[in-house]
Structures are given as structure tokens and as C-alpha cells.
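In: Kindly generate the corresponding structure for this input.
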Amino acid sequence: MKYYAIIVGGGSGKRMDSVLPKQFLLLKNKPILMHTIEKFSNCAYLPKIILVLHADLHEYWKELCIKYNFEIPHLLVTGGEQRFHSVRNGLKVIKENAIVAIHDAVRPLVSTQLITKAFDIAEDKGNAIPYIKPSETVRKLNKNNSKVIDREKVVLVQTPQTFESIQLKKAYQQPYSVEFTDDASVVEKNGIQIHLFEGERNNIKITYPEDLTLAKLLIE
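Out: So this is what the prediction gives:
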């Protein structure tokens, strides 16, 4: 079996109060994105890495690779209008049956153990989606009020979301919908059962400035 990792880096940095896209912000003296790619490079399955970035960011990324002596092999692909289109562009370069992990560029603290587990489960069950349980009380907002939800019935979904390539490619032939908030929702819409497994609390997504502060503490 062949293994691939599609790293999706489409973030603009707006919520980080930064002109620089958040995947390029520094974490322990190098861009966040480099930490993320390194984790997949160190995975036991040694997946081929596909990096999806907006066309306007390709040259800047190449300059960063030179500046930080970043030499991990990866294929650079042009992103699309939405994350859905970016993933679809990444899938187009995979020409063989494979297990494909799709991961947010700004989740640099994912462990190699979690990545390996995702590949293991996806190869056995067809797909593997990591999650964590919420520790706070969860409420559902309505127009004029809110209602508490049993948090035991709610999970928070992470990446890498990992699938057989046949499942992914067929699912991504569907037209784009605002309902597609992640890869699992795209595949599920195509009639495929989704398999969850427990993720990691340290596998945070760097979205806000305080997330970057937390990541710095965790990585040290």
C-alpha cells in the first residue's frame, strides 16, 4: 500500500491579527508549517507529502525553505477557492490506490504516534477521524435563547483525517457545499460510514494569538 499526506495551508492569518498567513508564523525559531511537515516525514509510514498553498504564496514558501535549510521532499500544489477545492487539487496528483491523510498546516503539535494510528485504522476500516471530548459545558444557540447539550454526545473533530484514496476521490467529485466543513463531512455525504478514534489534546489548531502562545509552551 502507498501512503500520502496532504497538508492544507490555506489560512490567511486574519484571526491571528497578522498580515503573514498563520502557517508561516514562527514557532520555536521556524515556521509553523515546517514543524507540521516534519511530523509526517518522521511517521513510520513515510508518506509522500503534498503541500497545498495559494499560488501567491509559492515563491515565499520556496524562499523560506532556503532560509531555514528545509529539505524534506514534498510536492507543492496550488490551492483553490475553498478548503474543499484545495484538497481536491491535492488529490488530483495521486495516481495510485493509497491511504491518504489530510491535515491542517497549523496543527504542528500532532504526534507521529497519532499519524501512524490514523493510517493503521484507515487501512483497516476505510477511514479514520480523530476527536477529543469537550471539557466545557456545551450549549446550542437559537435565535432568542440557548439550550444545554449533553457533552457526552458531542465530540470535537481534529486532523489528520485519513481515508482510502478511492473513498476520497469519489467523494470529492461532488459539487462544493457549505455543509462541507471537513473531509469527513464530504465523504459522509457520499454515503460512507465515518470511523472515529480518540485524538490528542495537544493537537491544537493555531487560529488565534493565544493558540500560538500555548503551542510555544507545549513544544518546550
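In: drop to CA atoms for contacts and neighbour counts, all remaining ones
Out: Noted.
In: ok, longest helix in this protein?
Out: Criterion DSSP state H: the longest helix present in the chain is helix 112-125.
In: what packs against that one?
Out: helix 32-41, strand 98-104, strand 127-132, strand 161-164 (3 or more Cα pairs under 8 Å, 6 or more residues apart in numbering; DSSP states H and E).
In: Give the buried residues for the shortest one.
Out: By neighbour count, with 16 or more other Cα atoms under 10 Å as the criterion, the buried positions of strand 161-164 are 161-164.
In: for the longest one, same thing?
Out: In terms of neighbour count (16+ other Cα under 10 Å), helix 32-41 has its buried residues at 32-37, 39-41.
In: Can you tell me which of those residues is closest to residue 67?
Out: residue 34 (12.0 Å; Cα to Cα).
In: Tell me which residues touch that closest one, please.
Out: Neighbour list for residue 34: residue 70 [criterion: Cα atoms under 8 Å, 6 or more residues apart in numbering].
In: same thing with residue 181?
Out: By Cα under 8 Å, 6+ apart, residue 181 has no neighbours at all.
In: Look up how far residue 98 lies from residue 1.
Out: Separation of residue 1 from residue 98 (Cα to Cα, to the nearest Å): 6 Å.
In: how about the helices in the chain?
Out: Taking DSSP H as the criterion, the chain carries its helices at 32-41, 58-67, 83-92, 112-125, 165-171, 183-189, 209-219.
In: tilt between the longest one and strand 127-132?
Out: Using axes from the mean of the first three to the mean of the last three Cα atoms, to 10 degrees, the inter-axis angle of helix 112-125 relative to strand 127-132 is 140 degrees.
In: in stretch 185-204, what's buried?
Out: Going by neighbour count (16+ other Cα under 10 Å), the buried part of stretch 185-204 is 186-187, 190, 195-196, 198-199, 203-204.
In: For it, give me every contacting residue.
Out: Outside stretch 185-204, the residues that reach it (Cα under 8 Å, 6+ apart) are 107-111, 114, 125, 127-132, 158, 167-168, 170-172, 179-180, 184, 211, 215, 218.
In: Recalculate using a threshold of 6 Å.
Out: With contacts defined as Cα atoms under 6 Å, 6 or more residues apart in numbering, stretch 185-204 is touched by 107, 109-110, 128-132, 171, 180.
In: and that stretch, how far apart are its ends?
Out: With Cα to Cα applied, stretch 185-204 spans 20 Å between its terminal residues.
In: do the same with stretch 188-197
Out: Stretch 188-197 end-to-end distance (Cα to Cα) = 16 Å.
In: coming back round to it: between the helices of the chain, which one is closest to residue 142.
Out: helix 183-189 (22.9 Å).
In: what number of residues lie near the nearest residue to residue 53 once chain neighbours are set aside?
Out: The shortest distance from residue 53 to any non-neighbouring residue, by Cα to Cα, 6 or more residues apart in numbering, is to residue 79 (5.0 Å). Neighbourhood size, residue 79 [other Cα atoms under 10 Å]: 24.
In: mind starting the numbering at 842 from now?
Out: Happy to do that; since the first residue is 842 now, the last one works out to residue 920.
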